[in-house]
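>>> could you work out the structure for the sequence below:
(one chain, ligands or ions: 1)
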Amino acid sequence: MAAQKDLYDAIVIGAGIQGCFTAYHLAKHRKRVILLEQFFLPHSRGSSHGQSRIIRRAYPEDFYTQMMDECYQIWAQLEHEAGTQLHRQTGLLLLGMKENSELKTIQATLSRQGVEHQCLSAEELKQRFPNVLLARGEVGVLDKSGGVLYADKALRALQDAIRHLGGLVCDGEKVMEIKPGFPVTVKSTAGIYQGKSLVITAGPWTNQLLRPLGIELPLQTLRINVCYWREKVPGSYGVSQAFPCFLGLGLSPAPHHIYGLPSGEYPGLMKVCYHHGNNVDPEERDCPEAFSDIQDVQILGRFVRDHLPDLEPTPALLEPCLYTNTPDEHFILDRHPKYDNVVIGAGFSGHGFKLSPVVGKILYELSMKLTPSYDLTPFRMSRFPGLGKAHL
Ligand SMILES: Cc1cc2nc3c(=O)[nH]c(=O)nc-3n(C[C@H](O)[C@H](O)[C@H](O)COP(=O)(O)OP(=O)(O)OC[C@H]3O[C@@H](n4cnc5c(N)ncnc54)[C@H](O)[C@@H]3O)c2cc1C
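Below is the predicted model:
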């Protein structure tokens, strides 16, 4: 048994955005928290790195739109505490065929939740954004609250805040073994720690840690090519032109969403990405074979040529990033079915950054055995039958 001084209220594994926000909420509530990260910080091997992410209220599901109210508040609070800009409001333009069912559902959710938005006909879109070409029948919905989050800056701000609040952030320390129980014992490459609770926010590596604890979540790890495209006239899709973020729903030639962010972070380059990628083992994401299948980049090239004519149709820059998807693309926020002081946050399915302030709050509440502030029904792991319970 460790001496009392070594007993943490919570050990958090993984310093991506979800682990950082969880440790931040714990530290804010004066809990003794240690955050363990396998790589030296900052790193670009997981899902949270890079310059930018989209923030928006526009979702088909009411529960995400409702969570976003508090997310915006916490993002603003963090920005204030850090004294650095983490967010830029640009608006988010949803593009799709008028009869696209997802577009209609999002529109209905925005109306029901009282979120300010504007429906734009093809003609209005053409006047407002002349450098976007639409196919016949395509329309737009503008979620005015949409914008850009500065991802790397946000991570840095959170890690600084955790330390400032008395928490420990230990990087270059891979967790090798978890011994469940009370206290839970965690062995890393550099030490042994004991905690009243453990939060696993290990992104694409989640199942590596869960398998020895008897469960395997239905997670698929995908390698995403983050593509930046050169503007023929620098700044023409940029912030100075009030160009918004956009999300294309079912636009030709793409079966999955395509999204873009105005140029700004890399001058003269606009980020346009495909919301899908190739299966990859996170340990092998940078192997040469991982670069060989570029169907996604080809789809994007055709999209750019047809819809964004003032961009060069071949990417100027590719940066890899990982998604960890669940079958329904909703998150997993739950306790381990056998060890109730082990909490899991996983499966953020390529849309978890904006929601991380509330995700972190929920994981903090679960780890401290508090009543969660939100209904967790959509996030329970029991929605997936047969989670290797035979091993439990
Ligand atoms: C290209 C791309 C674009 C995206 N765009 C958006 C967007 O516009 N809007 C949005 O809301 N979301 C977006 N997302 C999704 C969002 O970025 C992710 O949902 C989020 O970053 C997931 O964070 P995480 O903390 O779960 O995972 P990660 O960032 O992967 O963090 C997990 C951490 O755990 C560490 N770890 C793993 N195993 C161990 C171990 N054994 N010991 C110690 N440490 C360990 C890893 O090294 C890693 O740092 C995007 C994602 C990508 C890849």
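>>> any idea of the pLDDT on the closest residue to the ligand within the chain?
The shortest separation between the chain and the ligand is 2.0 Å, found at Gly16 (distances taken as C-beta to the nearest ligand atom). Just so you know, the C-beta spots here come from the backbone N, C-alpha and C atoms, and that holds for glycine as well. Confidence per residue is given as pLDDT, and for Gly16 that number is 98.
>>> helix, strand, or coil at the closest residue in space to it that isn't next to it in sequence?
Across the structure, with C-beta to C-beta, 6 or more residues apart in numbering as the measure, the residue nearest Gly16 apart from its sequence neighbours is Ser48 (4.0 Å). Assigned by DSSP: H, G, I helix; E, B strand; the rest coil, the conformation of Ser48 is coil.
>>> distance check, Ser48 against Gly238.
The spacing between Ser48 and Gly238, counted by C-beta to C-beta, to the nearest Å, is 25 Å.
>>> who's more crowded, the two?
Ser48 (26 against 18; other C-beta atoms under 10 Å).
>>> for that one, grab phi and psi.
Dihedral angles of Ser48 (phi, psi; degrees, to the nearest 10) stand at phi -110, psi 0.
>>> correct me, but it touches Lys354?
No - shown here, Ser48 and Lys354 do not form a contact pair, counting by C-beta atoms under 8 Å, at 11.9 Å.
>>> which residues sit against the lowest-mean-pLDDT helix or strand in the chain?
None of the helices or strands of the chain scores lower by mean pLDDT, DSSP states H and E than strand 278-279, at a mean of 90. For strand 278-279, the external contacting residues (C-beta atoms under 8 Å, 6 or more residues apart in numbering) are 220-223, 290, 293, 296.
>>> whichever strand or helix holds Arg305 packs against which elements?
Following DSSP states H and E, the helix or strand that holds Arg305 is helix 295-307. With contacts defined as 3 or more C-beta pairs under 8 Å, 6 or more residues apart in numbering; DSSP states H and E, the secondary structure elements packing on helix 295-307 are strand 220-230, strand 258-261, strand 269-274.
>>> out of these, which is closest to Phe379?
Go through the helices and strands packed on helix 295-307 one by one with C-beta to C-beta and the one that ends up closest to Phe379 is strand 220-230, at 17.3 Å.
>>> sort out which residues of the closest one are buried, please.
221-230 (16 or more other C-beta atoms under 10 Å).
>>> do stretch 42-53 as well
Under 16+ other C-beta under 10 Å, the buried positions of stretch 42-53 are 43, 45-53.
>>> closest one of those residues to Val359?
Ser48 (12.0 Å).
>>> for that closest one, give me its contacts.
Ser48 is in contact with 16-18, 20, 151, 155, 203, 353, counting by C-beta under 8 Å, 6+ apart.
>>> give me the subset of those that lies in helices.
17-18, 20, 151, 155 (DSSP state H).
>>> could you flag which of those are buried?
For these, a neighbour count by 16+ other C-beta under 10 Å gives the buried set as 17-18, 20, 151, 155.
>>> any chance of those residues in a markdown table, plus distance to Lys144?
Output for these, formatted as a markdown table (distance: C-beta to C-beta, whole Å):
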| residue | distance to Lys144 |
| --- | --- |
| Ile17 | 24 |
| Gln18 | 27 |
| Cys20 | 28 |
| Ala151 | 22 |
| Leu155 | 27 |
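>>> widest-spaced pair of those residues?
By the measure C-beta to C-beta, these have their two most distant members at Gln18 and Ala151, which lie 12.6 Å apart.
>>> the residue nearest to Gly16 and Tyr8, how far apart?
Ser48 is 23 Å from Tyr8, where distance means C-beta to C-beta.
>>> so the residue lying closest to Val184 once chain neighbours are set aside is in which element?
Using C-beta to C-beta, 6+ apart and skipping residues adjacent in sequence, the residue nearest Val184 is Leu198, 4.5 Å away. In this structure, Leu198 sits in strand 192-200 according to DSSP H and E.
>>> elements contacting whichever helix or strand comes after that strand?
Scanning forward in sequence from strand 192-200 by DSSP H and E, the next helix or strand is helix 206-210. Based on contacts counted as 3+ C-beta pairs under 8 Å, 6+ apart, the elements that helix 206-210 packs against are strand 192-200, strand 342-346.
>>> so the residue of the chain closest to the ligand sits against Gly46, correct?
Yes - with contacts defined as C-beta under 8 Å, Gly16 counts as touching Gly46 at a distance of 5.1 Å.
>>> next, show the common contact partners of these two.
Gly203.
>>> enumerate the residues of the stretch 201-350 of the chain near the ligand.
If contacts are counted using C-beta under 6 Å from any ligand atom, the residues of the stretch 201-350 of the chain sitting beside the ligand are 201-205, 209, 224, 226, 273, 321-323, 348, 350.
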